[in-house]
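Participant: Build the 3D model from these lines:
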Amino acid sequence: MTKAQEELPGGTRPASQGRLVRMVAADGQIRAAACVTTRVVERARVRHRLMPTAAAALGRLMTAAVLMASSLKGRERVMLQIVGDGPIRHVVAQADARLTVRGYVGDPLVHLPLNGAGKLDVARAIGKGSLYVIRDLGLREPYRGAVPLVTGEIAEDVAHYLAHSEQTPAAVALGVLVEPDTRIRAAGGWMITPLPGASPDLLGELEARLKQAPQVSRAIDALGKGAQESPAALLEELLAPWRPRILAEQPVAFHCSCSRGRFEAGLVALGPKELLDIAREQDPVELRCRFCGRRYLFSAERIRQLAARAAGPRLRVVKGTGASPS
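Facilitator: Next up, the predicted model:
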């Protein structure tokens, strides 16, 4: 796929960089999804020049967004935003029904010493704060929900949100394994949701099995290329007693819908006076997309053209008919 194709906001889909599988088990009493996002998170790391702790935070939230988007349809999309008092400040991820995902962090250079468990200290990087979820389902107004962070480790916070804001109990596992040279070695996650009416015995056994589940990033790393091709293996052993069955598989890709045209529309919205001031002060003007890091350059002449567009049609007086656009 060419770069030009990649930048199409709504047309050609970008090349697959990961996969998601949706499954059911226990005769429909359990719904589950798992995804491998190693290359997706690596793409984001390179685009944003992320240090390891920042990469782990963004990778976890992007993976969570993909899992939550797996039940969407058409043009629906979901955005997750974490705002905390830690050095990373905020983490944002957005995914749509096609399972294209993008995201960014407040400070891409955040990297902290490992925590007591020997893992990247995402919780300290985020600090105390809140998780916000916006679901755009094509209605007049998007659905918005928010919960306080419970751990800052993201997986637990997403599960807490689902249980308290959407009344959907779920087990969520997210992981990002980073190489010493900052490359992403493994990333992905899973979400398991018992449906209403699931038997208490099933819930008890499922909870016990989940407590013994391996760390998800290590499991992906151990599976190697097999996990890249199909993440079903992440769930098959966990759900083995209940005969898991694959419903569907989908590719996952890091993709941003930004475009030069969208940035120009944003500039026009500033109004003619501010645009003319900008044209006098800067040449060229550089704008950068927060979600993907792509740069767009606009010459002072182009800014003046956009200022004329923002001013709208001039009015001229036509005798006997009043004012009309020229």
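
Participant: Every contact and neighbour count from this point should use C-alpha atoms.
Facilitator: OK.

Participant: Just the strands from this structure, written as ranges.
Facilitator: Counting by DSSP state E, the chain has strands at residues 18-25, 30-36, 77-84, 90-96, 100-105, 129-136, 143-148, 171-178, 184-194, 245-254, 285-288, 295-298, 315-318, 322-325.

Participant: Residues in contact with the longest one: which ones?
Facilitator: This points to strand 184-194. 29-39, 41-42, 45, 59-60, 63-64, 67, 168-179, 203, 216-218, 220-221, 234-235 (Cα atoms under 8 Å, 6 or more residues apart in numbering).

Participant: partner strands of it, parallel or antiparallel?
Facilitator: The pairing partners recorded for strand 184-194 under DSSP bridges are strand 30-36 (antiparallel), strand 171-178 (antiparallel).

Participant: could you turn it into CSV, dropping everything but the C-alphas?
Facilitator: Taking C-alpha atoms only, strand 184-194 is exported to CSV below (Å, rounded to 0.1, in the frame of the first residue of the first chain):
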residue,chain,number,x,y,z
ILE,A,184,7.8,-3.1,21.0
ARG,A,185,8.3,-6.9,21.4
ALA,A,186,4.7,-7.9,22.1
ALA,A,187,1.4,-6.1,22.7
GLY,A,188,-2.2,-7.1,22.9
GLY,A,189,-5.0,-8.1,25.2
TRP,A,190,-8.3,-9.8,25.8
MET,A,191,-11.7,-9.1,27.2
ILE,A,192,-14.0,-11.8,28.6
THR,A,193,-17.7,-10.9,29.3
PRO,A,194,-20.2,-13.3,31.0
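
Participant: what mean pLDDT would you report for it?
Facilitator: Taken as a whole, strand 184-194 has an average pLDDT of 96.

Participant: Check stretch 51-65 too.
Facilitator: The predicted model assigns stretch 51-65 a mean pLDDT of 97.

Participant: buried sites along that stretch?
Facilitator: 51-65 (16 or more other Cα atoms under 10 Å).

Participant: Also stretch 89-106?
Facilitator: Buried, per 16+ other Cα under 10 Å, within stretch 89-106: 89-105.

Participant: Output the below-cut-off pLDDT ranges for the stretch 101-250 of the chain.
Facilitator: Scanning the stretch 101-250 of the chain for pLDDT under 70 picks out 226-228.

Participant: let's go with 80 and repeat that
Facilitator: 138, 224-230 (pLDDT under 80).

Participant: coming back round to it: among the strands of the chain, which comes closest to Leu120?
Facilitator: Relative to Leu120, the nearest member of the strands of the chain by Cα to Cα is strand 171-178, separated by 8.8 Å.

Participant: out of everything not next to it in sequence, what's closest to Gly138?
Facilitator: Spatial nearest neighbour of Gly138, excluding adjacent residues (Cα to Cα, 6 or more residues apart in numbering): Glu76 at 6.2 Å.

Participant: From Phe298, how far out is the one you found?
Facilitator: 32 Å (Cα to Cα, to the nearest Å).

Participant: What of Met23?
Facilitator: Distance from Met23 to Phe298, by Cα to Cα: 48 Å.

Participant: Which one of the two is surrounded by more residues?
Facilitator: A direct count of neighbours by other Cα atoms under 10 Å for Met23 and Phe298 places Met23 higher, at 21 against 17.

Participant: what's the neighbour count on the residue lying closest to the more buried one once chain neighbours are set aside?
Facilitator: Distances taken as Cα to Cα, 6+ apart place Ile246 nearest to Met23, at 4.4 Å, with adjacent residues excluded. Residues within reach of Ile246, counting by other Cα under 10 Å, total 14.

Participant: Pull out the buried members of the contacts of strand 184-194.
Facilitator: In those, burial by neighbour count holds for 29-39, 41-42, 45, 59-60, 63-64, 67, 168-178, 216-218, 220-221, 234-235, counting by 16+ other Cα under 10 Å.

Participant: would you list every one of the helices in the stretch 151-300 of the chain?
Facilitator: Counting by DSSP state H, counting those that start in this stretch, the stretch 151-300 of the chain has these helices, from start to end: 155-165, 200-211, 216-223, 225-229, 233-236, 260-268, 272-281, 300-311.

Participant: Switch those helices over to JSON lines; also include distance to Glu141.
Facilitator: As requested, these are exported to JSON lines (distance: least, Cα to Cα, whole Å):
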{"stretch": "helix 155-165", "distance to Glu141": "17"}
{"stretch": "helix 200-211", "distance to Glu141": "35"}
{"stretch": "helix 216-223", "distance to Glu141": "35"}
{"stretch": "helix 225-229", "distance to Glu141": "37"}
{"stretch": "helix 233-236", "distance to Glu141": "35"}
{"stretch": "helix 260-268", "distance to Glu141": "21"}
{"stretch": "helix 272-281", "distance to Glu141": "30"}
{"stretch": "helix 300-311", "distance to Glu141": "27"}
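
Participant: Can you say which of those helices is nearest to Gly118?
Facilitator: Closest among the helices of the stretch 151-300 of the chain, using Cα to Cα: helix 216-223, at 13.4 Å.
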